[in-house]
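In: when you get a sec, could you give me coordinates for this:
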Amino acid sequence: MAGKICSLCKSPLPAPHTYGEKRCARCTSGPTRRVYMSYMLRNGWHCHFLEADLKTPLPRKLNFPSPEKIVETAERGGYVMNLEGRQALENGIEKGRGGIWLLLTEQQYQKLRN
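Out: Numbering: from 1, shown residues only. Okay, the predicted model is just below:
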């Protein structure tokens, strides 16, 4: 929150440091894809992904034993982990199901497509 490290890859940011979550040049460069991640608790956490139109499913599905992996996936996927975002994610985990929007790099998007 102090603006000293990248909110995605945790690398140091150049001065001057301004308050708020920032991303480094590497994390902001390149095209990003908007993908919806839906998660549900059913004998473990099951995640599936939809394209931005919310109709087209992506073939890759993930299964996690704990909700911490959902939080980690959200952080890696470019989900804004400010107070509002974190509370929305935790609320979904408490309910046993929810969904969030991710901003994926082209490389991350291709991993979901294959």
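
In: what's near enough to touch the closest residue to residue 97 other than its chain neighbours?
Out: Distances taken as CB to CB, 6 or more residues apart in numbering place residue 40 nearest to residue 97, at 4.3 Å, with adjacent residues excluded. Bear in mind the C-beta positions are built from the backbone N, C-alpha and C, glycine included. Residue 40 sits next to 46, 96, 97 when contact means CB atoms under 8 Å, 6 or more residues apart in numbering.

In: from residue 76, how far out is the first one?
Out: When CB to CB, to the nearest Å is applied, the distance between residue 46 and residue 76 equals 18 Å.

In: for the helix or strand containing residue 70, what is the average pLDDT?
Out: Using DSSP states H and E, residue 70 sits in helix 67-76. In this model, helix 67-76 has an average pLDDT of 93.

In: the next helix or strand after that helix vs helix 67-76, what angle?
Out: Going down the chain from helix 67-76, the next helix or strand is helix 83-95, by DSSP H and E. Between helix 83-95 and helix 67-76, the angle comes out at 150 degrees (axes from the mean of the first three to the mean of the last three CA atoms, to 10 degrees).
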